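1. A structural model of the following input is requested.
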Amino acid sequence: MASNIAVVVLLVCTFMALALQAMAADAYYDNGGGGDGVTMQMFEEWMAKFGKTYPCHGEKERRFAVFRDNVRFIRSYRPEATYDSAVRINQFADLTNGEFVATYTGVKPPLPATHPHPHPEEAPRAVDPIWMPCCIDWRFKGAVTGVKDQGACGSSWAFAAVAAIEGLMKIRTGQLTPLSEQELVDCVDGGGDRDGCGGGHTDAAFQFVADKGGITAESEYRYEGYQGRCRVDDMLFNHAARVGGYRAVPPGDERQLATAVARQPVTAYVDASGPAFQFYGSGVFPGPCGAAARAPKPNHAVTLVGYCQDGASGKKYWIAKNSWGKTWGQQGYILLEKDVASPHGTCGLAVSPFYPTV
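-> Predicted coordinates for the structure are as follows:
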């Protein structure tokens, strides 16, 4: 009997100790873990919203600390007075900036001149200045598929290339068909290796599609988010789209870039390494894109699907489709300032634009 009472007392004491420990932890987090008002409850609500789980309590605490730092950055963000860009919490809030860049970008350094497919550089076909639209948005012309999500794979180059081909096919044939990013991730030689989740080049993707005679529909070769075995040679896939090659817009020329975008969606490389880009939420984004003390170093690919001008601020902007899902940015898009003084363009978007040809 005495032993049973002892067991009960031990259990009660253990329960009380755990309860006190939990209360102390809650009090700590309710005070922001340091007086900044960022609570564990806020973090857990964010976890629920984005379906996040962690393997152990220690990892959860570590991610909460990262989350808190990111919230501090978002609260402190102040764009220049003439800009309306805003940052906000999104699915990347538990990642350090370094982790984010390493996992969710995906453009390799430029291909060497000895690569078998040096890109042909030429000005886009001239556009009559009278015809040249002051605004164009290929989404409203039905030439842009829904925003996709590359996941934890550095395959932005494949998503950008596919979006450009999808748009070109709609313009030329009247049919908008979602195409396979996974085929490019699995099969494109990125200049000496085949690691589609380790980055790539949109020009190499266009050349691959031209050489193979086409690209498969997404419904037949679905995205998996990791590097797999190239299956185009041993399966009878139907080509849903074909391209004849590609062209490069002359670097640093936003006027020529606008001429190209007025005719079709165009891929562009951007420097997405800064926290302001990581947490972009809305408005015309002027930067900073990476380290403020250096020129942009593009590490991510997007597709320019239009351009326009903000009526309130007068700022001109590019409409860029991203591949981080609809919970990032403006439903998956970012508005990048257009016609800036830097020859690189905002975030380096004018350095290496490419577009497919038929």
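2. any idea of the mean pLDDT in the one helix or strand Trp46 maps to?
-> If you go by DSSP states H and E, Trp46 is part of helix 40-50. Looking at helix 40-50 alone, the average pLDDT works out to 96.
3. After it, which helix or strand is next? Please name it.
-> helix 57-76.
4. counting contacts, what elements does that following helix pack onto?
-> The contact analysis (3 or more C-beta pairs under 8 Å, 6 or more residues apart in numbering; DSSP states H and E) places helix 57-76 against helix 40-50. Placement of C-beta: from N, CA and C, glycine included.
5. tell me what the helix holding Trp46 is packed against?
-> Counting by 3+ C-beta pairs under 8 Å, 6+ apart, helix 40-50 packs on helix 2-30, helix 57-76.
6. Lowest average pLDDT across those helices?
-> helix 2-30 (a mean of 38).
7. Give me the below-cutoff pLDDT ranges for the stretch 151-300 of the chain.
-> Across the stretch 151-300 of the chain, the ranges flagged by pLDDT under 70 are 190-194, 234-236, 291-294.
8. Check whether Ile334 really touches Trp324, as I assumed.
-> No - between Ile334 and Trp324 there is no contact under C-beta atoms under 8 Å: 9.7 Å.
9. Please look at Gly225 and Gly151 and confirm they touch.
-> Yes - judged on C-beta under 8 Å, Gly225 makes contact with Gly151 at a distance of 3.9 Å.
10. mind listing the strands in the chain by residue range?
-> Per DSSP state E, the chain carries strands over the ranges 86-87, 136-137, 215-216, 239-241, 245-248, 266-270, 280-282, 284-285, 300-309, 316-321, 333-337, 354-357.
11. so what's Pro110 scoring on pLDDT?
-> 59.
12. Quick check: can you list the domain ranges of the protein?
-> 2-76, 86-357 (automatic domain parsing).
13. Show me which of these has the highest average neighbour count.
-> domain 86-357 (a mean of 20; mean count of other C-beta atoms under 10 Å).
14. Report the separation between the two terminal residues of stretch 309-324.
-> 24 Å (C-alpha to C-alpha, to the nearest Å).
15. show me the contacts for Asn97.
-> The contact partners of Asn97, taken as C-beta atoms under 8 Å, 6 or more residues apart in numbering, are Ser273, Gly274, Pro275, Gln278.
16. Tabulate those residues (JSON lines), appending distance to Gln41.
-> Formatted as JSON lines, these follow (distance: C-beta to C-beta, whole Å):
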{"residue": "Ser273", "distance to Gln41": "31"}
{"residue": "Gly274", "distance to Gln41": "29"}
{"residue": "Pro275", "distance to Gln41": "24"}
{"residue": "Gln278", "distance to Gln41": "23"}
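17. and which of the residues you listed is nearest Val284?
-> Nearest to Val284 among the contacts of Asn97 is Gly274, at 15.9 Å by C-beta to C-beta.
18. Might one say that the closest one is in contact with Cys289?
-> Yes - assessed by C-beta under 8 Å, Gly274 is found in contact with Cys289 at 5.1 Å.
19. contacting residues around Glu218?
-> Thr177, Pro178, Leu179, Ser180, Glu181, Gln182.
20. repeat that with 6 Å
-> Pro178, Leu179, Ser180 (C-beta atoms under 6 Å, 6 or more residues apart in numbering).
21. got the strands of the chain as JSON lines, with distance to Val66 columns?
-> Shown next, in JSON lines, are these (distance: least, C-beta to C-beta, whole Å):
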{"stretch": "strand 86-87", "distance to Val66": "16"}
{"stretch": "strand 136-137", "distance to Val66": "36"}
{"stretch": "strand 215-216", "distance to Val66": "38"}
{"stretch": "strand 239-241", "distance to Val66": "41"}
{"stretch": "strand 245-248", "distance to Val66": "39"}
{"stretch": "strand 266-270", "distance to Val66": "24"}
{"stretch": "strand 280-282", "distance to Val66": "18"}
{"stretch": "strand 284-285", "distance to Val66": "23"}
{"stretch": "strand 300-309", "distance to Val66": "21"}
{"stretch": "strand 316-321", "distance to Val66": "27"}
{"stretch": "strand 333-337", "distance to Val66": "23"}
{"stretch": "strand 354-357", "distance to Val66": "35"}
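22. No more questions from me, cheers.
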